[in-house]
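1. Provided below for reference: sequence and predicted model.
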Amino acid sequence: MTEETGKVLVSASNEVIDAAVKNPLRGDAANRDMYRHPAETLKFFGLKPDMTVVEILPGGGWYTSIINPVVTMNGQFYAAHFHPYEGAPGYYARSLNGFKEEAKTNALYKGLKITEFHHLKAHDIAPEGSADMVLTFRNVHNWYMGDGDAGVDGAFKAFNKALKKGGILGVVEHRMPESQDQVENKNSGYMKQSYVIAAAEKAGFELLESSEINANAKDTADHPKGVWTLPPRLANGDVDKAKYVAIGESDRMTLKFVKK
């Protein structure tokens, strides 16, 4: 491939991403674009229409409704949703079933495949070695809060299992200042960038690049109810609400890794 051909392919991919973000079928979900920067984030990760992509724990499908339309014609999208194991929180099954129902009627979900993921219990998120890209948005803190280092290690092992050699892992996560103590602030919802990078490297990934696309210098990561104090949750209710709305959504790291 020549350099010029590469530029043309990237440009074409970027146009498809822009079209997916601007799709009016996304409805009110687009209101958060100003905080989550989906077009810029997916371009940074290098998303292309012919890729096999896995999204980890898509929840209500905010990113699904953008990524799946990009790859639905020439690639494949796997939504690695909750694994409702025996004893799991009730919302695991409710969320998974709701997502399955949405997939039956939502045009933006056309052609996707649903798998199940749990950082310790379910690692078959796509056929082994089949994925070009695995993406996780604001999930690492949950695995850390639930099972500490073992929870995070388990998740990254699953990502490595699904990816091809040379495949891309994209991570967006609430960012804790390096001056704060990760253990003491375990339940804050924030993670140190150095911790996330070390966990990925331990699982067989190499950091290619980091981006400040999703940075927010107003966020100190020191709030009464952790990251959930900020929008969109606003867990503190009306107490200092204007202050937290003015800060906006959290400061986030955006990291691009490759499977070695």
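-> Nice, I can see it.
2. going forward, measure contacts and count neighbours with C-alpha atoms only.
-> Fine.
3. now the helices for this protein?
-> Secondary structure of the chain (DSSP state H): helices located at 3-22, 33-36, 38-45, 64-71, 90-105, 140-162, 193-202, 241-247.
4. CSV please, covering these and showing mean pLDDT and mean neighbour count.
-> Below are the helices of the chain laid out as CSV (pLDDT from 0 to 100; neighbours: other C-alpha atoms under 10 Å):
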stretch, mean pLDDT, mean neighbour count
helix 3-22, 78, 16
helix 33-36, 97, 15
helix 38-45, 98, 20
helix 64-71, 98, 25
helix 90-105, 98, 15
helix 140-162, 98, 20
helix 193-202, 98, 17
helix 241-247, 98, 14
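5. any idea of the angle the lengthiest strand in the chain forms with helix 38-45?
-> Of all the segments of type strand in the chain, defined by DSSP state E, the longest one is strand 163-176. Angle, strand 163-176 to helix 38-45, by axes from the mean of the first three to the mean of the last three C-alpha atoms, to 10 degrees: 130 degrees.
6. in strand 163-176, what counts as buried?
-> Using 16 or more other C-alpha atoms under 10 Å as the test for burial, strand 163-176 gives 163-165, 167-176.
7. One more: stretch 207-227?
-> Buried residues in stretch 207-227 (16+ other C-alpha under 10 Å): 207, 210, 213-216, 219, 221, 226-227.
8. These: which two are farthest apart?
-> Spanning the widest gap among these are 207 and 226, at 27.4 Å by C-alpha to C-alpha.
9. For the residue most central in space within the chain, give the beta-bridge partners.
-> Residue closest to the mean C-alpha point of the chain, counted by C-alpha atoms, centre = their mean, is residue 137 at 1.8 Å. When assigned by DSSP bridges, residue 137 has beta-bridge partners residue 172.
10. OK, contacts around it?
-> By C-alpha atoms under 8 Å, 6 or more residues apart in numbering, residue 137 lies in contact with 56, 171-173.
11. neighbours around the closest residue to residue 235 other than its chain neighbours, how many?
-> Excluding the flanking residues, the one nearest residue 235 by C-alpha to C-alpha, 6 or more residues apart in numbering is residue 229, at 4.7 Å. Neighbour count of residue 229, defined by other C-alpha atoms under 10 Å: 24.
12. Count residues in the vicinity of residue 76, would you?
-> 22.
13. er, residue 129 I mean
-> Neighbours around residue 129, by other C-alpha under 10 Å: 14.
14. in the stretch 151-260 of the chain, what spans have low per-residue confidence?
-> Residue ranges of the stretch 151-260 of the chain with pLDDT under 70: none are present.
15. leaving aside the residues next to it on the chain, what's closest to residue 230?
-> For residue 230, the closest residue by C-alpha to C-alpha, 6+ apart turns out to be residue 244, at 5.4 Å.
16. measure that neighbour to residue 238 for me?
-> For residue 244, the distance to residue 238 (C-alpha to C-alpha, to the nearest Å) stands at 10 Å.
17. Right, I'll call it a day here.
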